[in-house]
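Engineer: Quick one: sequence and predicted model below, then my questions.
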Amino acid sequence: MEVVIVPDAESGGDLIAEAMARLLRQKPDALLGVATGSTPLPVYRALSARVRAGGADTSRARVAQLDEYVGLPAEHPESYRSVLRREVLEPLGIPMERFLGPDGAAEDVQAACEDYDRALATAGGVDLQLLGIGTDGHIGFNEPCSSLASRTRIKTLTEQTRVDNARFFEGDIEQVPHHVITQGIGTILEARHLVLLATGEGKADAVAATVEGPVAAVCPASALQLHPHATVVVDEGAASRLKLADYFRHTYAHKPHWQGL
Ligand code: GLP
């Protein structure tokens with residue numbers, strides 16, 4: 001995998017937005033896999049700034065969701081569908097007709113998961129999947145010890161993740177659902193390019209385990225080591241426990257510019 005150390009979250013957002021803009025120039029109807037959480041917000045801001053300035057064209061772009069809470073109605077302000085509509089689709093001018101996501105309110109959750117995996121395949125697969133990372137190394141909602149071959153399915157959140165996410169529910173953990181639908185790790189690995197963004201020292205241990213630890217289900221993000229095109233973008237804080245930080249800085253500084261991410 002390639003590790004790019006950037007000075008701060010904004011530069012990380014800018015770099016990834018440029019990779020997305022470049023992809024859209026090559027493939028205008030690219031399927032962009034997007035993530036929720038606070039970390040990717042600078043990416044969406046930078047991409048929508050490019051769209052407004054005419055530097056990126058999202059007029060045919062498609063967007064796919066990574067994970068969703070189970071049991072929240074789609075119109076609940078904190079359902080990931082609502083969050084993505086607010087933070088990604090509207091700023092990028094992408095209508096819901098070009099959005100793919102699992103049905104978190106479905107009565108038959110298992111069928112909704114299988115339907116979503118099928119819908120992703122029918123759509124031709126995700127071209128670029130943006131990922132954040134949980135403090136425990138989760139990607140999407142694949143908590144530690146998720147099968148590295150898993151498909152989209154229902155998962156039970158750890159207490160830590162519910163505590164981390166309570167800030168989106170007025171700080172009230174009781175409102176955070178216990179169950180979620182998440183693309184499996186095997187599903188995520190099918191995207192053609194994986195881009196993980198991590199910022200802040202709070203993510204430093206998870207990043208070190210992802211990049212320099214063994215491939216192990218205990219750190220789901222370490223599965224990125226199995227992918228032929230995985231990019232990990234980290235700010236100084238998130239890079240602070242990387243033993244090979246100088247090596248990563250050196251290789252990126254000397255990378256041919258035309259290569260992009
Ligand atoms: C949630 C999401 C993940 C995200 C993680 C980290 O659990 N399901 O996709 O990566 O939060 O969020 P943040 O970026 O806010 O730290």
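Structural biologist: Thanks, I have the structure now. Numbers count the residues shown, from 1 in each chain.

Engineer: Strands along the stretch 51-200 of the chain, start to end?
Structural biologist: According to DSSP state E, counting those that start in this stretch, the stretch 51-200 of the chain carries its strands in the segments 62-65, 67-69, 99-100, 128-131, 153-156, 179-182, 193-198.

Engineer: mind putting these in a markdown table, distance to P28 included?
Structural biologist: Quick note: C-beta positions are derived from backbone N, CA and C, even for glycine. Converted to a markdown table, the strands of the stretch 51-200 of the chain look like this (distance: least, C-beta to C-beta, whole Å):
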| stretch | distance to P28 |
| --- | --- |
| strand 62-65 | 10 |
| strand 67-69 | 26 |
| strand 99-100 | 16 |
| strand 128-131 | 14 |
| strand 153-156 | 32 |
| strand 179-182 | 28 |
| strand 193-198 | 16 |
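
Engineer: got the residues of this protein near the ligand?
Structural biologist: 35-39, 66-67, 132-134, 140-141, 161, 165 (C-beta under 6 Å from any ligand atom).

Engineer: least confident pick among the residues you listed?
Structural biologist: Minimum pLDDT for the residues of the chain next to the ligand is recorded at T161 (89).

Engineer: That residue and F141 touch, don't they?
Structural biologist: Yes - counting by C-beta atoms under 8 Å, T161 does reach F141; the two are 7.4 Å apart.

Engineer: circling back to that earlier point, now the residues of the chain next to the ligand: which count as buried?
Structural biologist: Among those, those buried by neighbour count (16 or more other C-beta atoms under 10 Å) are 35-37, 39, 66-67, 132-134, 140-141, 161, 165.

Engineer: buried set for the top helix by length along the chain?
Structural biologist: Longest helix of the chain, by residue count under DSSP state H: helix 9-26. Neighbour-count burial for helix 9-26, counted by 16+ other C-beta under 10 Å, picks out 9, 11-21, 23-24.

Engineer: Export these as JSON lines, with columns for distance to E78 and pLDDT.
Structural biologist: Listed next are the buried residues of helix 9-26 as JSON lines, based on distance: C-beta to C-beta, whole Å; pLDDT from 0 to 100:
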{"residue": "A9", "distance to E78": "22", "pLDDT": "98"}
{"residue": "S11", "distance to E78": "29", "pLDDT": "98"}
{"residue": "G12", "distance to E78": "25", "pLDDT": "98"}
{"residue": "G13", "distance to E78": "22", "pLDDT": "98"}
{"residue": "D14", "distance to E78": "27", "pLDDT": "98"}
{"residue": "L15", "distance to E78": "29", "pLDDT": "98"}
{"residue": "I16", "distance to E78": "24", "pLDDT": "98"}
{"residue": "A17", "distance to E78": "25", "pLDDT": "98"}
{"residue": "E18", "distance to E78": "30", "pLDDT": "97"}
{"residue": "A19", "distance to E78": "28", "pLDDT": "98"}
{"residue": "M20", "distance to E78": "25", "pLDDT": "98"}
{"residue": "A21", "distance to E78": "29", "pLDDT": "98"}
{"residue": "L23", "distance to E78": "29", "pLDDT": "98"}
{"residue": "L24", "distance to E78": "29", "pLDDT": "98"}
